[in-house]
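Trainee: Give me the fold of what follows.
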Amino acid sequence: MVYDNDNIFAKILRGEMPSTRVFEDADTLAIMDVMPQADGHTLILPKTPAADLFELPDRASTAVMRTTKIVAEAVSRAFNADGIRLMQLNGPAAGQTVFHFHMHIIPCHADRPLRRHVGEMADPATLEAHADLIRAALGAG
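Mentor: Next up, the predicted model:
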């Protein structure tokens, strides 16, 4: 697959498109998903351009998993989750719609079904409030 430098995540990483940022280090960026399946649904993006898992260099995959663990622990605390779903899709047949490798962190609760990952965009103020909860949990961790 040929990487498209104009995909939405590449534009977010370059600061050309807005996002609700949660965490950033030299290799990764964590942002709120704009169509969350649950409150606190967060995405981890490597700063390395790679369309999917098979293009992602080992160093970048290590960085993504390190950030995923850090942010997932904070999401779990911030939303008092009963569990955490980690999801990563490769290719259209698997449901991938943005062809920049990314991990989903989705807090799960035993008494609440997940929402569909299509359709309405979340309210930006709500996403910012959720990001604030995660940032606070990162600081407390």
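Trainee: only C-alpha atoms for contact and neighbour calcs from this point on.
Mentor: Will do.
Trainee: Leaving aside the residues adjacent along the chain, what's closest to the residue nearest the centre of the chain?
Mentor: Of all residues in the chain, the one closest to the mean position by Cα atoms, centre = their mean is Leu43, 0.2 Å from it. Distances taken as Cα to Cα, 6 or more residues apart in numbering put His104 closest to Leu43, at 4.7 Å, once the chain neighbours are dropped.
Trainee: Identify the bridge partners of that neighbour.
Mentor: His104 has these beta-bridge partners by DSSP bridges: Leu43, Met87.
Trainee: residues contacting it?
Mentor: Applying Cα atoms under 8 Å, 6 or more residues apart in numbering to His104 gives the contacts His41, Thr42, Leu43, Ile44, Arg85, Leu86, Met87, Gln88.
Trainee: Which of those ranks first by neighbour count?
Mentor: Thr42 (31 neighbours; other Cα atoms under 10 Å).
Trainee: Let me know the pLDDT of that one.
Mentor: pLDDT recorded at Thr42 is 98.
Trainee: So it sits against Ile105, correct?
Mentor: Yes. Taking contacts as Cα atoms under 8 Å, Thr42 lies within contact range of Ile105: 5.1 Å.
Trainee: Tell me the one among the contacts of His104 nearest to Leu29.
Mentor: Ile44 (5.8 Å; Cα to Cα).
Trainee: who does the nearest residue to the closest one once chain neighbours are set aside bridge with?
Mentor: Leaving aside its sequence neighbours, Ile44 sits nearest to Ala30 (Cα to Cα, 6+ apart; 4.5 Å). Beta-bridge pairing for Ala30 (DSSP bridges): Phe23, Ile44.
Trainee: what's the neighbour count on Ala30?
Mentor: 26.
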